[in-house]
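Novice: below are the sequence and a predicted model for it; my questions follow.
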Amino acid sequence: MLSSLRHWSRSAFARLPSLLPSACALCGAADGSGSNLCGACHRHFYAMKTPRCRCCATTVLTPAGMDQVCGECLRQPPSFDATVAACDYSAPHDRVVLGLKFGGLLEYAPVMADVVRNAMIGHDDMALPALLAPVPLGNSRLAERGFNQALEIARPLSRLLGIPLQAQLLQRQRDTRSQSLLHPDERQKNVRSAFTVPAPNIDLIRGRHVGIVDDVMTTGATLNEVAATLKRFGASRVTNFVFARTSQH
């Protein structure tokens, strides 16, 4: 059933570009700019900065949230040090995520990278990492999808931030079950020891600040395991860059 849904999603999304070649990914309007995000949607959905925990990017209730760490991160600090998120994973932003991941609309990746870059500007006191890397896909999922959505976002984000991209910095040691199909309590176990840093790349991260790119952060289990892996191999700091953050409230 899941494979049928993915096939339907790809077919449905694939028809959109031919109908609206420069349509906004959110509202469907064509503004003639050649962009996949119209100016009105950019101003309405991404200009205002949502108060978020500096560490995990979950939304917080106080206006000074950009400078705070949430209670959960204080109680149980994750392996990563900071997270930049452009939006919540909710309508209409989920349309962009699904269009890229299951519809193969690779033109949405630069849109996502652009709003992540703008979200980073809101953290004007946050140090930029020395290099960027995507969360790697397992071999079976990469073969099925044909691309890694995190890498597609990382490429334009690297150019926008002026940070070198190391596309193969990390490797998955084994295929894991889809995190979206698991209960939150099972997700950390699912990705435990799933990643490694190939020997030629160890010198690239030793003592350095590494930025990790992904499309969506849900519980943070995958990104936490990635950060723990990088720090075991000598990284001094890890910052996540994600397009959307699932609400934890």
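Specialist: Structure's in. What do you need?
Novice: low-confidence bits of the protein, can you list those?
Specialist: The chain contains residues with pLDDT under 70 at 1-22, 31-35, 62-67, 175-191, 248-249.
Novice: in it, which spans are helices?
Specialist: All helices of the chain, identified by DSSP state H, fall at 2-19, 39-41, 71-75, 93-101, 108-121, 139-145, 149-161, 184-191, 202-205, 221-232.
Novice: buried ones in the shortest one?
Specialist: What that stands for is helix 39-41. Neighbour-count burial for helix 39-41, counted by 16 or more other C-beta atoms under 10 Å, picks out Cys41. For the C-beta atoms, the positions are set from N, CA and C on the backbone; glycine is no exception.
Novice: go on, stretch 113-131?
Specialist: By 16+ other C-beta under 10 Å, the buried positions in stretch 113-131 come out as Ala113, Asp114, Val115, Val116, Arg117, Asn118, Ala119, Met120, His123, Pro129, Ala130, Leu131.
Novice: before we move on, back to that, mind putting the helices of the chain into a markdown table with distance to Val60?
Specialist: Formatted as a markdown table, the helices of the chain follow (distance: least, C-beta to C-beta, whole Å):
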| stretch | distance to Val60 |
| --- | --- |
| helix 2-19 | 33 |
| helix 39-41 | 25 |
| helix 71-75 | 9 |
| helix 93-101 | 19 |
| helix 108-121 | 15 |
| helix 139-145 | 33 |
| helix 149-161 | 25 |
| helix 184-191 | 20 |
| helix 202-205 | 30 |
| helix 221-232 | 19 |
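Novice: out of those helices, which comes closest to Cys55?
Specialist: Nearest to Cys55 among those is helix 71-75; the distance by C-beta to C-beta comes to 4.1 Å.
Novice: contact partners of that closest one?
Specialist: With C-beta atoms under 8 Å, 6 or more residues apart in numbering as the test, helix 71-75 has contacts from Cys53, Cys55, Cys56, Thr58, Gln248.
Novice: again, 10 Å this time
Specialist: If you take C-beta atoms under 10 Å, 6 or more residues apart in numbering as the criterion, helix 71-75 is touched by Cys53, Arg54, Cys55, Cys56, Thr58, Val60, Gln68, Pro78, Phe80, Thr83, Gly220, Gln248.
Novice: quick one: the fifth one from Val116, how far?
Specialist: Separation of Thr58 from Val116 (C-beta to C-beta, to the nearest Å) stands at 17 Å.
Novice: picking up where we left off before, list only those of the contacts of helix 71-75 flagged as buried.
Specialist: Cys53, Arg54, Cys55, Cys56, Thr58, Val60, Gln68, Pro78, Phe80, Thr83, Gly220.
Novice: show me the contacts for the third one.
Specialist: To tie it back to what came earlier, the one meant is Cys55. Neighbours of Cys55 in contact, by C-beta under 10 Å, 6+ apart: 68-70, 72-74, 77-78, 80-83, 220, 239-240.
Novice: equivalent analysis for the fourth one, please.
Specialist: For Cys56, the set of contacting residues under the criterion of C-beta under 10 Å, 6+ apart consists of 69-70, 72-73, 77-78, 80, 82-83, 85, 217, 219-220, 223-224, 240, 245, 248.
Novice: switch to 7 Å and redo it
Specialist: Contacts for Cys56 (C-beta atoms under 7 Å, 6 or more residues apart in numbering) come out as Cys70, Cys73, Pro78, Thr83, Gly220.
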